[in-house]
Every structure is written in structure tokens, then in C-alpha cells.
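Novice: Just the structure for this:
(2 chains)
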Number of protein chains: 2
Amino acid sequence: MLSKLSITAILVATGSLISAQTFQRLGTCPSLGCILPPDEQDFLPGQQFDIRFEVHAPKNGSEAFNNGVPDEKFTATITKDHDRKGGKAKSIADFFKLKGSAEPKVEKWTFSWYEDLFAQDAKTPSVVNVASKVYRRVALYEPGTYTVTLRYYGGKTTTAKWTVRELATRKKAKNVIFFIGDGMTTNMITAARLLAHKTINGKYQSLMQLDKFPVLGHQMTHSIDSFITDSANSASALYSGHKSTVNAMGVYADSSPDPFDDPKVETIIELLVRIWGSAWGAVSTAFIADATPIALTAHTRLRSQYGPLIDQALNGVTNYSWPGHGGPDAYFGGGAEQFLPGSGSYQGKDYYAEFAKKGYSVSLNKTSLLKADNKKKALGIFCKANLPVWLDRNIFPENSAKLKNDPAGGSGAATDLPGLKDMTLKAIDVLHARGGKKGFFLMSEAASIDKQMHSLDYERALGDLLELDDTVRATVAKLKSLGILEETLIVVSADHGHGFDVFGSSDTKYMAAQPDDRSKRDAVGVYQNSGLSQYTVEQPGISYNTGPNFPVNWDPRYVIAAGAGANPDHREQYGVDKTGPRTPAATLAGKGSSDFYVNPTDETKGFVVNGTVPVSQSQGVHSLTDVPVYAMGPCQERFGGTYENIDLFYKMAECLGLAHGSNKTIRG
Amino acid sequence: MLSKLSITAILVATGSLISAQTFQRLGTCPSLGCILPPDEQDFLPGQQFDIRFEVHAPKNGSEAFNNGVPDEKFTATITKDHDRKGGKAKSIADFFKLKGSAEPKVEKWTFSWYEDLFAQDAKTPSVVNVASKVYRRVALYEPGTYTVTLRYYGGKTTTAKWTVRELATRKKAKNVIFFIGDGMTTNMITAARLLAHKTINGKYQSLMQLDKFPVLGHQMTHSIDSFITDSANSASALYSGHKSTVNAMGVYADSSPDPFDDPKVETIIELLVRIWGSAWGAVSTAFIADATPIALTAHTRLRSQYGPLIDQALNGVTNYSWPGHGGPDAYFGGGAEQFLPGSGSYQGKDYYAEFAKKGYSVSLNKTSLLKADNKKKALGIFCKANLPVWLDRNIFPENSAKLKNDPAGGSGAATDLPGLKDMTLKAIDVLHARGGKKGFFLMSEAASIDKQMHSLDYERALGDLLELDDTVRATVAKLKSLGILEETLIVVSADHGHGFDVFGSSDTKYMAAQPDDRSKRDAVGVYQNSGLSQYTVEQPGISYNTGPNFPVNWDPRYVIAAGAGANPDHREQYGVDKTGPRTPAATLAGKGSSDFYVNPTDETKGFVVNGTVPVSQSQGVHSLTDVPVYAMGPCQERFGGTYENIDLFYKMAECLGLAHGSNKTIRG
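Specialist: The predicted model follows:
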């Protein structure tokens, strides 16, 4: 027991700063002086970024200081570490040779936060006054470590160690294709294999394309200030080499009210266009303003600023000096709301027209997409919101037909929808034609692995995972046929996980026949009673015509039994939901309520599983697990082993020769 | 919907054979004639094995045939595939040149099974009469594929394709150390890292030893006849290159009543001793007769035959002609029940004495273990049952002190217990001394990762995972100090997973203060509210003195919130259970009942989570997920990518030069 060890104090007696690890005044800023980018951050040589300093003066609460008056006379210096003993610390303006060594003006604002759940319940926020300065668009060109020091309140200091990685100026891969299975874990890949690939006496007769990749790695997905990430800041880490905060992309989140003034970091797209003038594209089965596709170009603390972020994707950052990216060469997905003129679009403008004005072909369906001129920049928006999932496009199309998601703004359903494979292969055609010898970067996202895992709809999530695998398979074949396979790095990974796993099978017939929840659970077979996958057993007369790498039967009597650990109240009957994506939890009090219970109309033949997440959550949530990385092509050997999500950026950027010691444009 | 596609039959109208995928007459035998080893099996050249044929005659049920009279005049042939068109199929006895080409006698027996859960409820078994022959101790020496054909009932045939892998006669690694984290997944490794290693603004300041391994792979763990494995047949796959059936080890499970007559396959230990005369050892924190350690030498369909299996570990298989293994050179773990004379030991004998008779030092505590002569064979049994877990040995030792597990058979607690690191480092000393230039093979198992995951005791599972990582770290240092690091292949993997993941944090103080289950769930923080790990935050005056690679605080206010998806009814209050390993579910009807509910005395400050597994299961169950493989040393490059668990055997065996084209002993 504790008392036997060298313990002289009891945990609960320690200060609130430690409790504040979970409820934080500002992530990355445990003291009252904040440096953004903070301590222990890495940079690509030449990568452009902003620097913000904040000095906090809490007015009340456990950290109350200086009567809530922040020090406006703070100073900051930076030193390259080998210079330190020489005492050559320079002011930020001097070091970066900012125009006339001008100091930016001090900004001031106030924000509040809750120190813990008790404070939140009691509605007793802690209020903080802030003084701040921001230095825009600087870069570090020389590899090594740097020390940034902020001095404030007389004698207080905060320091940050920054590391600039090695130079890498030679392009080893002409092209990079980066596939992201949003929320995809090893557990899900294992389950997808079980559904789509047949075993005979324990030996798989075919494999996933992912299984055939020569190099496997794991990446850690935690964000900078919480160990569970969302898709915004994880995408940002993958694209910029800088971890961020939940809901933030392409910036370090500051405490100011403006979601667009946070200090920015340059993304791989901005680097690639600035240095090599390459073509780039994004494909997603989500709405295209969703975090994973939009983070390629987005700089904001608030991912929900969909309209402005589409403008950033087309026009770059316009409110501050910042490198442009020329707009995507291929941009395919859902999310017509941000393109149709109206409340969803930036300044109410018609973004189909805005893109067209800049020379884009605009496709609103698959037929049009496939016909689009490969030599022109191409926009394809195929529906409102997210694309219907693979299962509803291919097996249960009547579910897609009843939606009101016409991308042209009509009242009916989007018809003639492309899938991830169609969009990805077309994007490769466009990017190959437009990139030419300058090469290209394509990000292709299977978004609904995550979205369907959130709603515990495992079959729909796994269907989209299989679509991703099929797309990767077709991509390898396409690159081969174009003669560019050997010069293209293909990376497949994820941005975070969900705690999903299969633990047995379930006899749907038996479960439906049982009278109560406890006896229904007897339908679940574990260990030897899990048996073999019946999704791969051919049924006389049943064919979905979806090819060899998908289940031959989506609706067998014995289905997988799976769970996520993190879920709202819901029922589990297991097996595919034929009438559309499931909604596991519902409020009884109607819209606006956030008190979720079992949805009375969902999986009514199953048994109740009560929730493990706050009752305000209607869905499952992301999880901690490292996610897999598969690599093939130039530089593949760098992707083995275990590393941080930001390392994927550095590995890709180094392979693309983006780490330069000066800011000159190459564009050779 | 289905009706729109080319569907001419409804699933439920199809035959029972397909439903029988889950409830199986005999796994690996979908028709009435069975070949063991069955279709699609791989072999190491020269690996010894038995062959069994069975012909089934179901008396009743959906497969009733021939009035329940099995064909006793079945015949079987084998052909090497390039010989096939020449028609050189030979009888089994001829092909393998069995003594005087003698045919074995026909054996007969009867077994019964249930075709589904309805039949089980109705107590209407299907009864099967069997005729069988078994051919003992044969081997295939020439790489390539072979076809085995069984002919029965006049015109029926069953065929099996067998593949003999390539020769590999040169020893590339002198030694192999194979660490198994039982039940360990990538998800758990991620969580263990979070608890033990500190981040500053998203960058880990130290890493797991596993994170530093240069090569990463994934292995698929499914068994031969069910997609969820147990630790017996998965261990067997890892050690023999042959997948098997739940509860079986070193055999293909037949349908006979005798658990020791099933057709055997040679294990890596038997091969290594037969070919090179190397030393070998096993270390486990489980009782040493448990599946993972015992499967190195066990040949049985029934893992619960603990006493006889300890005899097999010492004396080899004695009831059939079979290569010996000379007994382990180092054998350390728990499980005194199989060594103390009495009902737990084979024939009631004293196995401490049996081992001592064969020249073993016998240690019953850590002090004695550390003093044991490295030149002698060494047995170390430190308690009854499993070793207390790391957390109860190091942080809450009063929990270990109250056990009645004296390995000498006394009524008190085992004291002076070694941990996995002590046992492993000592085993290396003994094996290095005894193996000499012939090298050694050591298997070291962290068993309670699995055992504590079963009972949803996440902190205890992660503590033992960190102990494994610390042991691997110490092993690398030890091998270096012995000068044998470069010639030793280290592989770390698992045998299967549990569907565990962390999805947020929980405020233990807030949860304890809430009055009901729904409000308790508000204590769980997800996404940004998960915050940072507090297990790594130093508390003034608290030190566990367990070193830099373990948590500095096991009992913070904000703890991880995790779940498994597969669980019995239980409560979750999160955080460490200080009074000992938890028992999440209990029967209300008392002993003997198998109707499990929330244990009323477990985690009483938490909220109820009802179960997802049959109510007869008191614990969580294994899951489907592929598990990670970490490799370092000679042949490490073979361990990247995705492959089957049996491939780990082939990779290790090839690296050890065990694939020979003849049966001569090398022992150079």
C-alpha cells in the first residue's frame, strides 16, 4: 500500500495546477507566459510560421495573479543553441530581420475557462486577461536547436526549445499519394479482411492490398494538449509536422477570440507549391470542407468555419501575408453547402462560380467527372454533406435514393455518384497531366470509416474500409499503367482510431427468437463458437457484383459481434442495418436536448448496452491507439517502426526535397 | 435492397452445412472425409508430423448418411505435385516407407455435436460414427506442393494440398529470444506508453523499448477453425507453423475421445534440439503449465491436462514414437500445483523431485533463483497459480502477502517473488552457459496482460505490459554485456488481442461525488477534455521507486477511461483498484452458477455497464485484431509487413537453419 513507500504527502493535497492537466487554461501554456510554437516543437528547414507570445493575468481562481493586469512590457529573444554561451540572444524582430526591426503592437483580450467539472457545474469560470504580440511569416533555415525565451512580470521566464530538422533538398519521389482511412485502426483492417477474404483451414486465399505493402509502421496520434485527438489537429500534424489542439488546423491555438489570427505553420501543400510548383489534389468521401481534406490548406482554430475554409482552399490565406498554393488541381468530394450560394458559403457567394472563374471544370456527378478535361483544374462536388457510404451506394441504393442531397441545390437526391475509387483515379489523371515533370501530391480520404464507427455502424465502416483498400489496389494498377509507379511514394495511414474490435460471432436468428436481453446475449459465440466468417461463403443465387475483394454475402445468419468500449446507450443486434446508417442513441426530450438514451427505433431485435461516455454524447468517440502506416515506393524504408504523426510529414517532406536552407523558389 | 440484385434464393432457405460454419461437426472437415493435417497447410522441410484420416457417418441430423455406418475401407494417397501427371500417387505407407509398408489398424469411435443454439437448447445432438487411421511420425523433405487424396463411400473424395517451404540449413542467428505479451495489442502498448512516458507539448521525452525496435510487422491470429483464437492454439501456431483449434497445442484436433492421440506436429524446440542440440528455456508469469509456455513441448487437444503436460515438458511425448527435446535448460514461472505431489501433478508424483533427479537445480524463490548454478539445468517455481502481477508485487505488496500460494505447499503466501525481468535475465545466463556455441532459444511470456484484461483490470494489465517492456530493455543491455547482442534475434509479439482501447480520461473525484449512473458518466472527458496523462506528473513526496519507465503516479485524480467492447455486466469507476485484482462479475446464486451479474462489491463508486457476452461468461474475451511483431537482430528484415502467426515460426525456423532436406542430426 502507499503507506509502505516513501510517501510524505497525499495526492489530494497537491495544488490545482496539476488537476488542471485535464481542464487547461490554455493547452501548451502551463505557466502564465506562453510561447507559440511552444517548447519541444520541430520544424522543417525553411518552413514558414508565425510566432505569438501571450502573458496571462488570471483575475480569479486558483491562479489569480497581479490583480488581473497582464504585463504588456514582456520581451522575447531567440538564440541558436551553439551561439548561446556567446550570449548572442537577439530580439525576435532582429533575429528574423523583420522590416525595420519593427515590434508588432500589443494586443489585449480576455477569456475564461473552468478549472474542473465542479466549477463548470457551479458556473464559476476563471477569467484571464491577456497581453500578446504576434510576429508573422518567419522561418528557420539552419538545422539545430534554438532557445526562445519570454521574460515577463519582472523576473518570470518561459522558454521553448525548437528543433530544426536536417536539410533535404533532393526530390526522391516525384509524386506522393497519401491515403487516409479516417479513424482506421489495425483492428478494423483485420475485421475487413475477415469479411472480404476467404480462408481455407486458416489460410487466407486472397489478401487486402494493404497486407501486401512492404513496409509497416505505427504512428502516435495524440494532440499537443490532449491524448485523444480529433481529425482537425491530427490532419494538421500529418500535413505540417506540427501537432495542434482539438478543432485547430495549420495553427497553434491561441486564447484570442478570433479563430483566424492564431499563429500559422506552413503545410506540405504550401511548401510543395512554393518550392517545386507541383500539382496537388484532395479527394474525400466527406464534405470537402471537412477536417481531413481541408487541413491541407486551412489555418484556423475552428474547423467549423467551413465557408471561409473553402475560400482558403481556393485563394489561400488572404487576411495575413502568407505563401499561396494556387488552389487545388483536383478537388473531389461532397459538401455542396459550401459551394451553393447561401448561408453555408463564404460571404454567401456561389463557389462553383468562383472556382469556374479561376479556370476549373465543375462536375456535379460521376458522368461529368469522368469526362472532365484532364488538362484543366477540376472541381467535383457530388452531393450535399458526406457521400453516401459504399454499402448504400452499392448494396442498398434505395437508402441513397431517399436523401435530399442534390449538389445542384434541387430538392431531390444526388444521383450518379462516384465512389472513392472513381474520384481517386480521375484525380491521378488530372494531377499527372497538370503536374507533368513537376510531379504531384494527392491526398485521398475514406472519411466514413470514422463517421460510421461513430454511430457504431460497423458494417458501413468496414464497407468503406474495403472501398479504400480497393482504391489503393486500383491506384497501384493505374500508376503502373501510367508508368509512374516506381517514382510515386504511396502512403496509407489514418488520423486516429476508435476502440473497435470483433470478439465473436452472433447468430442473428437465435437472437431474434429470444425473449429478453440476457438470453439474447447467448446468441453471441466466443472463442471456438465464433466459427468462421460467413461473409465469404457463397450463397446460391446471391451476388452483389461488387468484385472479389468485397464480401459475397453482407447478410449471413452468423455475423460478427463487435464493440467499441466507448459508446452512448444503444442496442446491439449485430448484423447489417438494411434501411440505412444507424442512429444508435436519441433524446427523448426532442431536438435541442442533449440527454441521449437508446434510440427506440434502432436495432430493435437486440439487447441494450448502456453507455460509457457522457450522456450528452450521441455517438462513440475517438480513441488513443497508435494507427498503422503502410508505405510503398521511393523512401518506403523510412516508414518502418514507431513514430509520431508529425514524423509522417517530415518523412514525406524529406522524400519530396522540401527541406531547404533558403527561401528561394526552385520550380525547376 | 437485395431484391434489386441478382438474387434468386433467400439465405434462410440454404442448407445447414453453411450454418454449420459456426457450430462445426469437426473444424477442418467440412465434408464427411477428413484429412489431418487438412487442405492448405504448410510444413517446414523435415518437420515431423502425424497424419490422421477420419470417415464420418452421421446417424441423425441434417447430414445423416449411410445409416450411421462409416466406411472402414477408405484409402488414401499422396503425390508430389510435379509427379501428378505421371500418376505416381502412392499409398501413405509406401510414400513414407513405413515399416514393411504396414497399414495401421482402423480405429472406431462415436462423438456428438449440436448443429446450432436451437439444437443445444432442445438437447438434440447430432451423433456421428467414425472410422479412422493414423500414420505416426513422418516428414516431407522436398520443397513444393503435395496432394493428399482420401477416397471413401465408393466415389467420394477429400483432397488436401500441402506446401513444403524452402530449405534453410544455415544458422543465421545463434540465439533467438521470443517475448510474448499474452493478449497484447497495439492499443495496449499505446496506453502503456501514455502511463509511463512523459510528453511535453505532444513530444514524448522517452519511449518504450518496443518503440525503438527497427522492424515492425503484424500477424494474424485466427485459429484454423474459428476466427477468435485462444492462447493454446495460437502459441502452437507460433511454435510449430501449424494453426490448430481452440484448446489444442502441437496437434491437429481430431474427433476421438482421447486428448493425447491427435496427430502431432513438431515444434521449434523439438526441431532445434534434434538438429542443433541447442539449449532452450521458458519463462512465464503464469503457471508454467499454462498454454503459452507449455505449448513449446505440448501435444494435446486439451490444454487443461496440466499434469501430463508438465511430464511432456520434462520427458517429451512418451506414449508415441516422437522426437524428444531433453527437457528445458531453464524453466521459470508459477504453477506449483503441477509440481507438488497430489491431485494437480501427473500420476500424483513430486515433480520437483522428478526434475531434480534429472539434474535440475530447483528454486522456489528469487534469492535461490539468483544463486542457482548457471551451468546446471534450472527449474524455478515461485508460487501456486500465476505470479502476482507487477502492480501487486511492487506498488500494493499487501495484496500479494494475503495470498495462500506458497510454492513449497505451505499454507502461507509465496514471498521473495521474482518478476519477469529477474526470471528472464537469469534464464539468459543459464542458456548462454549451457547452450555455448550451439546457441539457445528462450520464450519469455508476460502472461497477465491477458489475464488482467480478461477481468477488465486495465492498470494491472498495463503494469505487466510495462514490466515486459522493461524486461526487453534489460535483455538488450544484458545481451550487449555478454557480447551476444549481434548474434541474437529478439522478437516481441503477442498471441491474440483483447478489444481494449482508451477513449478519454475520468475525474475520479467528480465521479465519486455524483449520485447516479447517468451523472457519473459526466466525469468522463473525451477529445480535448481527455487532457494530458497525469500518471507522468510528479507528485511532491510520492515515489514508487520503480524506475523511469513506469508511472510516477498510479493513482492520479484524472485517470484513463477505457473499455473493451466485450465484457460481462460490471461497473466502471476507472482508476486503479488498490485492494487487488478486480472481479467484475459475480453470480448471485453462488458457486456453481454460471449466470453472471455486476459484482456488488467491485468498483462501487462507478456506473453499471451491462454485458455484451453470454451471461455465462464472467470475464471479457479475446478479440480478432492482428497483433504487432517487433524484431531486432539477425533476420530482422524478414519480420516487416503483414503475415500469419504461423509465419513467425517459419521466419524464426529459417533464421535458425532448421529447414533441412534430410533427417540427419547436425549438432555441429
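
Novice: how's chain A carved up into domains?
Specialist: Annotated domains of chain A cover A:2-164, A:219-483 [automatic domain parsing].

Novice: where does the stretch 51-200 of chain A come near chain B, residue by residue?
Specialist: Residues of the stretch 51-200 of chain A lying close to chain B by CB under 8 Å from any CB of the partner chain are A:116-118, A:185-187, A:189-191, A:193-194, A:199-200. From N, CA and C alone the C-beta is placed, and that goes for glycine too.

Novice: how about those residues, which pair is most distant?
Specialist: Largest separation among those by CB to CB: A:118 and A:200, giving 59.0 Å.

Novice: Please say which of these two ends up with more neighbours.
Specialist: Using other CB atoms under 10 Å in any protein chain shown as the criterion, residue A:118 and residue A:200 rank with residue A:200 on top: 17 against 13.

Novice: looking at chain A, which helix or strand is least sure?
Specialist: helix A:16-19 (a mean of 40; mean pLDDT, DSSP states H and E).

Novice: Can you name the next helix or strand after that one?
Specialist: strand A:33-36 (DSSP states H and E).

Novice: what comes into contact with that following strand?
Specialist: Here strand A:33-36 makes contact (CB atoms under 8 Å, 6 or more residues apart in numbering or on different chains) with A:26, A:28, A:51-56, A:74, A:76, A:148, A:150, A:152-153, A:156-160, A:252, A:254-255, A:262-263.

Novice: how many neighbours does residue A:525 have?
Specialist: By other CB under 10 Å, the residues close to residue A:525 number 24.

Novice: what does the one 10 residues further on give?
Specialist: Residue A:535 has 23 neighbouring residues, counting by other CB under 10 Å.

Novice: try the one 4 residues further on
Specialist: The criterion is other CB under 10 Å. On that basis, residue A:539 has 19 neighbouring residues.

Novice: What sits closest to it if chain neighbours are left out?
Specialist: Nearest non-adjacent residue to residue A:539, counting by CB to CB, 6 or more residues apart in numbering or on different chains: residue A:553, 5.2 Å away.

Novice: so how far is residue A:584 from the one you found?
Specialist: When CB to CB, to the nearest Å is applied, the distance between residue A:553 and residue A:584 equals 24 Å.

Novice: for residue A:383, same thing?
Specialist: Going from residue A:383 to residue A:584 by CB to CB gives 24 Å.

Novice: How about residue A:522?
Specialist: Remark: distance between residue A:522 and residue A:584 (CB to CB) = 22 Å.

Novice: Kindly report the same for residue A:214.
Specialist: Residue A:214 is 39 Å from residue A:584, by CB to CB.

Novice: still on that earlier bit, with neighbour numbers in mind, choose between residue A:553 and residue A:584.
Specialist: Taking other CB under 10 Å, residue A:553 and residue A:584 do not tie; residue A:584 has more neighbours (24 against 20).

Novice: How about the contacts made by that one?
Specialist: Going by CB under 8 Å, 6+ apart, residue A:584 touches A:455-456, A:567-571, A:598-599, A:602-603, A:618-619.

Novice: can we see that at 6 Å?
Specialist: A:455, A:456, A:570, A:599, A:602 (CB atoms under 6 Å, 6 or more residues apart in numbering or on different chains).

Novice: Identify the residue spatially nearest to it, adjacent ones excluded.
Specialist: residue A:570 (3.5 Å).

Novice: and what of residue A:80?
Specialist: That would be residue A:146: by CB to CB, 6+ apart, it lies 5.4 Å from residue A:80.

Novice: What is the neighbour count of residue A:255?
Specialist: By other CB under 10 Å, 22 other residues sit near residue A:255.

Novice: show me what contacts it?
Specialist: With CB under 6 Å, 6+ apart, residue A:255 has these contacts: A:26, A:111, A:130.

Novice: any idea which of those is closest to chain B?
Specialist: The closest of these to chain B turns out to be residue A:26 (CB to the nearest CB; 11.5 Å).

Novice: Look up phi and psi at the closest one.
Specialist: phi -150, psi 120 (degrees, to the nearest 10).

Novice: Run through the stretch 301-450 of chain A and note the low-pLDDT ranges.
Specialist: Along the stretch 301-450 of chain A, the model assigns pLDDT under 70 to no residue.

Novice: Helix or strand: which one has the closest residue to chain B within it?
Specialist: Nearest residue of the stretch 301-450 of chain A to chain B: residue A:398, at 5.2 Å (CB to the nearest CB). In this assignment (DSSP H and E), residue A:398 forms part of helix A:397-401.

Novice: Can you name every helix or strand that that helix contacts?
Specialist: Applying 3 or more CB pairs under 6 Å, 6 or more residues apart in numbering or on different chains; DSSP states H and E, one finds that helix A:397-401 makes contact with helix A:390-394.

Novice: and the helix it packs on, how far out from the chain's middle?
Specialist: 23 Å (CA atoms, centre = their mean, to the nearest Å).

Novice: residues of the helix ranked longest in chain A that come out buried?
Specialist: In chain A, assigned by DSSP state H, the helix with the most residues is helix A:458-482. By neighbour count on 16 or more other CB atoms under 10 Å in any protein chain shown, the buried set for helix A:458-482 is A:458-476, A:478-479.
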